[in-house]
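Asker: Build the 3D model from these lines:
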Amino acid sequence: MLPKGVGVAAISLACWSAYAGDNTWTQDKVSSAINYSNVEVVTPYAPDASAPRIAPGSQITHVYAMRSYMGNAMVETSLCWNGTSRCVPLNGNHINTHAFDGLDASKPMYLVHKARGDKARPLPGPVFVKGSVAVWYAP
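Answerer: Model (predicted):
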């Protein structure tokens with residue numbers, strides 16, 4: 001887990017040299033509450049209104065995502081593109097991936113969280129997942 005206050009901006013700077021010719025958009029969010037095991041909570045990520053417009057035809061060249069949460073629940077997270085059918089799992093608390101390379105950079109990404117369980121059961125308390133997504137792309 002990263003120290004408090006370190007977010008996507010710092011990670012983006014650390015990774016920037018590898019993708020210096022690409023554009024990027026980033027977003028940090030907190031999921032809605034996970035109240036039950038085995039029930040997905042989906043959090044969308046997309047460039048906000050203040051970000052520069054992504055040129056038509058721009059394609060993803062790299063995606064980084066991370067998540068953190070407090071509590072004893074075992075939360076599984078997947079990173080998805082433009083819905084929840086094209087996804088890759090996070091193995092641990094982050095992922096660097098080229099699984100979405102060549103796809104439309106203007107489409108949203110999603111972090112899909114689910115507390116492990118064999119069926120939907122109430123958790124002892126709600127779990128909120130802090131997530132960050134950074135998408136590098138080229139026109």
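
Asker: Any regions of this protein where pLDDT drops low?
Answerer: 1-20 (pLDDT under 70).

Asker: Relative to Ala134, how far out is Gly83?
Answerer: As judged by Cβ to Cβ, to the nearest Å, Gly83 and Ala134 stand 20 Å apart. Where you see a C-beta, it was placed from the backbone N, CA and C, and this is true even at glycine.

Asker: the more surrounded of these two?
Answerer: Ranked by neighbour count (other Cβ atoms under 10 Å), Gly83 and Ala134 place Ala134 first, with 24 against 12.

Asker: Flag every buried residue along the strand or helix carrying the more buried one.
Answerer: Ala134 belongs to strand 129-138 when elements are defined using DSSP states H and E. Buried residues in strand 129-138, counting neighbours by 16 or more other Cβ atoms under 10 Å, are found at Val129, Lys130, Gly131, Ser132, Val133, Ala134, Val135, Trp136, Tyr137, Ala138.

Asker: Show me where the protein has its strands.
Answerer: Taking DSSP state E, the strands of the chain run over residues 23-30, 34-36, 41-45, 59-69, 75-81, 87-89, 94-97, 109-115, 122-127, 129-138.
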